[in-house]
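Undergrad: Sequence and predicted structure are below.
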2 protein chains.
Amino acid sequence: MELRQLRYFVAVAETGNISTAAMKIFLTQPALSRQIKALETEIGQCLLERRAHSVHLTPVGEGLLREARELLQHVDQVLDRVRGAG
Amino acid sequence: MELRQLRYFVAVAETGNISTAAMKIFLTQPALSRQIKALETEIGQCLLERRAHSVHLTPVGEGLLREARELLQHVDQVLDRVRGAG
DNA sequence: AACTGTTACGAACTTCGTAACAATA
DNA sequence: TATTGTTACGAAGTTCGTAACAGTT
């Protein structure tokens, strides 16, 4: 699991739509779609219900969204602390 | 900052020696040396004092070691929870 | 001389973007 | 038909290993 994938997933979850999320993070739809799928494969769980004009988080996806946000905040904390330690 | 780099850094910190750490994680010395240096560059802080037959953590490095361990535990927690959520 | 870490360069791997496709309103 | 997500394939970027180097005991 890579931090990049978690950041991508959060973007999709917040947008509810892969295309728009891809634009927000300066990526193309296919690249984003692939990374989300890779994350699902590694976790072994379905994170999104693919619908016609949007994607909807599964319960597992909702859980991961909360966890991912906390984890990414944690990463930022670490960076801030270490950079400030100089 | 990548999780991979944090894992590499923890390995070096625990071993006190890049060569041995590299073997433990099935990597070569140059690859490990580069990634540690890249981490230092990104953080903007020196993490290791390079000595003759070993490396020694700077105070900043000691701090990052604690933070990195916590963060990597956090990552494992997230994976366990999400995988168990199925 | 034997051990450490670093730098240079080409190979392997991963991710990316474009193009073509499938599905739904 | 217009919008969405997915799959295929070659290009770009990153990491890796080998080789050559520099420093310390």
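TA: The structure has been received and is ready for your questions.
Undergrad: Would you mind finding the longest helix in chain A?
TA: Determined from DSSP state H, the single longest helix within chain A is helix A:59-84.
Undergrad: That one near chain B anywhere?
TA: Yes. Contact between helix A:59-84 and chain B is present through A:59-60, A:63-64, A:67-68, A:70-71, A:74-75, A:77-79, A:81-83 (criterion: Cβ under 8 Å from any Cβ of the partner chain). For every residue, glycine as well, the C-beta is placed using N, CA and C.
Undergrad: between those residues, which is closest to DNA strand C?
TA: Distances from DNA strand C to the residues of helix A:59-84 next to chain B, taken as Cβ to the nearest atom of the strand, are shortest for A:Ala68 (16.3 Å).
Undergrad: could you check the distance from A:Ala21 over to DNA strand D?
TA: Separation of A:Ala21 from DNA strand D (Cβ to the nearest atom of the strand, to the nearest Å) stands at 7 Å.
Undergrad: Touching, that residue and A:Val12? I think so.
TA: Yes. Using Cβ atoms under 8 Å, A:Ala21 is in contact with A:Val12, at 4.5 Å.
Undergrad: that older thread, filter the residues of helix A:59-84 next to chain B down to the ones near DNA strand D?
TA: When Cβ under 7 Å from any atom of the strand is applied, no member of the residues of helix A:59-84 next to chain B is adjacent to DNA strand D.
Undergrad: Select from those the one having the most neighbours.
TA: Of all the residues of helix A:59-84 next to chain B, the highest neighbour tally under other Cβ atoms under 10 Å in any protein chain shown goes to A:Leu64, namely 27 neighbours.
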